[in-house]
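Asker: turn this into a structure:
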Amino acid sequence: MAAIVVRNLDDDVQRRLKERAAQNHRSMEAEARAILTSAVSGSGFVRAWLELGAAQPGDDLELPPRSAPRAIDLS
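Answerer: Below is the predicted model:
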């Protein structure tokens, strides 16, 4: 297994990583590993959502004809 060192990490980023790790019952190192793995694995939620959207084009849908709005009596 390889090891990396992240230098000059912003204090706020470190704090949020620590909070996220605690919420997921992991160490900061395990949380960073999970984030990196998800980011490069191609199985992340956002990537899957974008691929699904690309597979479902909607620009070519024909809209049904619309009638004029009805008058509303507010008296």
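
Asker: and residue 63, which of the three is it?
Answerer: When classified by DSSP: H, G, I helix; E, B strand; the rest coil, residue 63 comes out as coil.

Asker: how about residue 4?
Answerer: Classified using three-state DSSP, residue 4 is coil.

Asker: may I have the lowest-mean-pLDDT helix or strand in the chain as CSV, with CA atoms only?
Answerer: Least confident helix or strand of the chain, by mean pLDDT, DSSP states H and E, is helix 45-55 with a mean of 73. Taking Å, rounded to 0.1, in the frame of the first residue of the first chain, the C-alpha atoms of helix 45-55 are listed here in CSV:
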residue,chain,number,x,y,z
PHE,A,45,-23.3,9.4,-6.4
VAL,A,46,-22.7,12.6,-8.4
ARG,A,47,-20.9,10.8,-11.2
ALA,A,48,-23.7,8.2,-11.4
TRP,A,49,-26.4,10.9,-11.4
LEU,A,50,-24.7,12.8,-14.2
GLU,A,51,-24.3,9.7,-16.3
LEU,A,52,-27.9,8.8,-15.8
GLY,A,53,-28.9,12.4,-16.9
ALA,A,54,-26.8,12.1,-20.0
ALA,A,55,-28.4,8.8,-20.9
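
Asker: against which helices or strands is that helix packed?
Answerer: Judged by 3 or more CB pairs under 8 Å, 6 or more residues apart in numbering; DSSP states H and E, helix 45-55 is in contact with no other helix or strand. (Each C-beta comes from the backbone N, C-alpha and C, glycine too.)
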